[in-house]
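> the sequence isn't on hand, but the structure is:
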């Protein structure tokens with residue numbers, strides 16, 4: 001038997017097996033959930049008792065019963081002759097990638113669009129850029145959406161000679177023509193249907209008043225405006241939904257999220273996307289079965305998935321940077337004296353004291369050391385921002401000494417050179433004195449030149465004592 005015939009029959013065998021698996025899963029869903037909950041209630045797997053074994057046996061028996069029930073239905077549905085004849089008589093070329101009915105199910109005259117796009121690594125989620133598990137959708141007022149989708153899947157299969165099944169119809173391969181004739185199927189009609197399903201039908205493009213539309217004014221001899229009709233790429237929408245659902249993995253019979261809830265470790269962990277909005281496309285059979293079945297008028301993927309997710313599309317929240325990076329001078333750009341006023345208060349009290357003894361002098365030195373420590377914390381926070389931050393164009397006016405001090409990109413110079421340290425110490429001492437004079441203008445005016453020189457000497461001494469911390 002030739003490769004093309006074998007491909008058709010193997011495809012239908014695969015569809016038959018998938019149909020049985022889905023029917024079995026549907027039949028045993030409640031029993032499976034009951035069994036899983038029972039398993040989860042036993043944290044110590046060695047204590048699993050006969051009750052669990054009994055439930056497992058019931059589950060296996062239910063699965064076997066469901067399979068026996070689904071087998072004859074699947075055998076009839078995917079019998080080669082039956083399936084091909086059904087395609088020949090019932091299949092309608094409703095294959096689309098952007099069904100207009102997603103805007104409104106009442107839309108019935110808009111053109112069917114098949115567009116796969118071209119792949120570009122530009123970072124956008126759009127047609128052509130996403131590796132899709134399902135490449136097309138089926139839309140229209142048709143009860144045979146599933147069989148059309150199956151036909152499209154069959155026609156897209158690539159055989160060993162690197163030809164797709166559709167290519168065999170295009171080339172009118174004798175073996176395929178004879179095979180169809182033996183099945184009692186008119187080959188030419190079947191071929192035309194395959195071509196229309198796979199490539200779409202050539203027809204004049206048309207939109208609909210219910211489709212979202214944007215008008216662009218243009219200045220051409222033929223028209224005054226250009227009309228853009230915006231339609232939904234349903235494959236992208238449901239690809240997102242299925243990938244998010246894929247986060248909901250199971251490990252040893254339980255949802256992986258339960259491991260976190262039970263404070264258990266798992267090497268792979270799990271992903272999740274918060275703040276999702278679910279949009280449903282119908283009603284469950286328990287609520288309104290008649291309304292649920294009308295979902296078929298939108299698209300095949302709509303019925304299969306029943307819902308989609310809307311991911312938040314809002315501007316990112318930009319948090320205010322806690323540390324301001326200096327563009328010209330650390331002591332001016334990153335240190336606001338007013339924020340240090342409470343730290344200068346004890347120093348001001350000691351300086352204005354009429355006493356001049358060892359305790360006052362020691363108190364002044366301790367206040368200065370505390371101020372130095374507070375400023376160094378800011379400097380270390382700037383360093384922690386990242387290696388090489390000062391090398392961008394915005395920070396080119398920052399003095400070299402401050403770059404060495406604040407950017408770990410200059411770590412080697414910081415450890416081996418000494419000139420930068422002298423410049424920083426001097427600038428640090430001047431900032432303390434300038435800030436004190438700014439914050440306490442009234443009292444500073446009452447200080448004599450001698451007292452001011454003494455304060456400066458204490459500052460320089462305190463800064464010099466802490467030079468190792470600057471590195």
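Yes, it's here. Predicted, not measured: the structure shown is a model, and the values here were computed from it.
> roughly how far apart are residue 249 and residue 258?
Relative to residue 258, residue 249 is positioned 11 Å away (Cβ to Cβ, to the nearest Å). Backbone N, C-alpha and C define where each C-beta goes, glycine included.
> go on, residue 246?
17 Å.
> what's the answer for residue 6, then?
On the measure of Cβ to Cβ, residue 6 and residue 258 end up 45 Å apart.
> again with residue 313
For residue 313, the distance to residue 258 - Cβ to Cβ - is 31 Å.
> of these two, which one has the most company?
Legend: neighbour count by other Cβ atoms under 10 Å for residue 313 and residue 258, higher for residue 258 (12 against 5).
> which residues touch the helix or strand containing that one?
For residue 258, the host element (DSSP states H and E) is helix 256-261. Identification of contacts with helix 256-261 by Cβ atoms under 8 Å, 6 or more residues apart in numbering yields 40, 248-251, 265-266, 268, 270, 272.
> shaky segments in the stretch 351-471 of the chain?
Within the stretch 351-471 of the chain, the stretches with pLDDT under 70 are 444-456, 458-471.
> run the last query once more with 90
By pLDDT under 90, the low-scoring segments of the stretch 351-471 of the chain are 351-396, 401, 404-471.
> show me the helices in it, by range?
358-383, 400-406, 411-416, 419-439, 441-445, 449-465, 467-470 (DSSP state H, counting those that start in this stretch).
> ok, which of those helices comes nearest residue 184?
Nearest of those to residue 184, taken as Cβ to Cβ: helix 358-383 at 81.9 Å.
> list the buried ones in the closest one?
363-365, 367-368, 371-372, 375, 378-379, 382-383 (16 or more other Cβ atoms under 10 Å).
> what is that helix packed up against?
Contact analysis of helix 358-383 by 3 or more Cβ pairs under 8 Å, 6 or more residues apart in numbering; DSSP states H and E lists helix 341-351, helix 400-406, helix 419-439, helix 449-465, helix 467-470 as its packing neighbours.
> what's the first one in contact with?
Counting by Cβ under 8 Å, 6+ apart, helix 341-351 makes contact with 360, 363-364, 367-368, 370-371, 374, 435-436, 439-440, 443, 447, 451, 455, all of which sit outside it.
> where does the stretch 1-150 of the chain dip in pLDDT?
Looking at the stretch 1-150 of the chain by pLDDT under 90, you get 1-4, 25-63, 86-149.
> that one: helices as residue ranges?
3-27, 29-40, 50-77, 80-90, 145-155.
> quick one: buried residues of the longest one?
Read it as helix 50-77. Within helix 50-77, the residues that count as buried by 16+ other Cβ under 10 Å are 52, 55, 59, 62-63, 66-67, 70, 74, 77.
> any chance of the residues you listed in JSON lines, with distance to residue 333 too?
Output for the buried residues of helix 50-77, formatted as JSON lines (distance: Cβ to Cβ, whole Å):
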{"residue": "52", "distance to residue 333": "67"}
{"residue": "55", "distance to residue 333": "69"}
{"residue": "59", "distance to residue 333": "69"}
{"residue": "62", "distance to residue 333": "72"}
{"residue": "63", "distance to residue 333": "70"}
{"residue": "66", "distance to residue 333": "72"}
{"residue": "67", "distance to residue 333": "74"}
{"residue": "70", "distance to residue 333": "73"}
{"residue": "74", "distance to residue 333": "74"}
{"residue": "77", "distance to residue 333": "75"}
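> ok, of the residues you listed, which one's closest to residue 107?
Of those, the one sitting nearest to residue 107 (Cβ to Cβ) turns out to be residue 77, at 30.7 Å.
> helix/strand/coil for the residue nearest the centre of the chain?
Residue closest to the average C-alpha location in the chain (Cα atoms, centre = their mean): residue 273, at 7.2 Å. Following DSSP: H, G, I helix; E, B strand; the rest coil, residue 273 is assigned to coil.
> residues contacting it?
By Cβ under 8 Å, 6+ apart, the neighbours of residue 273 are 244, 247, 309, 311.
> any idea how far the last one is from residue 243?
If I follow you right, that is residue 311. According to Cβ to Cβ, residue 311 and residue 243 sit 11 Å apart.
> same check on the third one?
As for residue 309, its distance to residue 243 is 10 Å (criterion: Cβ to Cβ).
> between those two, who's got more neighbours?
When residue 309 and residue 243 are compared for neighbours, residue 309 comes out ahead with 17 against 14, by other Cβ under 10 Å.
> neighbours of residue 230, just the number please.
If you count neighbours by other Cβ under 10 Å, residue 230 ends up with 11.
> ok, and the closest non-adjacent residue to it?
Among residues not flanking residue 230 along the chain, residue 212 sits closest, at 4.3 Å (Cβ to Cβ, 6 or more residues apart in numbering).
> give the contact list for the one you found.
103, 229-231.
> so what's the backbone phi/psi at it?
phi -60, psi 130 (degrees, to the nearest 10).
> same deal with the one 4 residues further on?
In terms of degrees, to the nearest 10, the main-chain angles of residue 216 are phi -120, psi 120.
> correct me if wrong: it contacts residue 225.
Yes - assessed by Cβ atoms under 8 Å, residue 216 is found in contact with residue 225 at 6.3 Å.
> if we can go back for a sec, ok, so of the buried residues of helix 50-77, who is nearest residue 409?
Closest approach to residue 409 among these (Cβ to Cβ): residue 52, at 60.9 Å.
> the nearest residue to the closest one once chain neighbours are set aside and residue 249, how far apart?
Excluding the flanking residues, the one nearest residue 52 by Cβ to Cβ, 6+ apart is residue 38, at 5.7 Å. Using Cβ to Cβ, residue 38 is found at 20 Å from residue 249.
> over to residue 310?
For residue 310 relative to residue 249 (Cβ to Cβ), the value is 23 Å.
> could you do residue 312 as well?
Taking Cβ to Cβ, one finds residue 312 at 23 Å from residue 249.
> quick one: low-confidence residue ranges for the stretch 201-350 of the chain.
In the stretch 201-350 of the chain, residues with pLDDT under 90: 201-235, 237, 242, 244-327, 331-350.
> helices along that one, start to end?
Secondary structure of the stretch 201-350 of the chain (DSSP H, counting those that start in this stretch): helices located at 234-245, 256-261, 285-293, 300-305, 330-333, 341-351.
> can you pull the buried residues of the last one?
Under the neighbour-count criterion of 16+ other Cβ under 10 Å, helix 341-351 has 343-344, 347-348, 350-351 buried.
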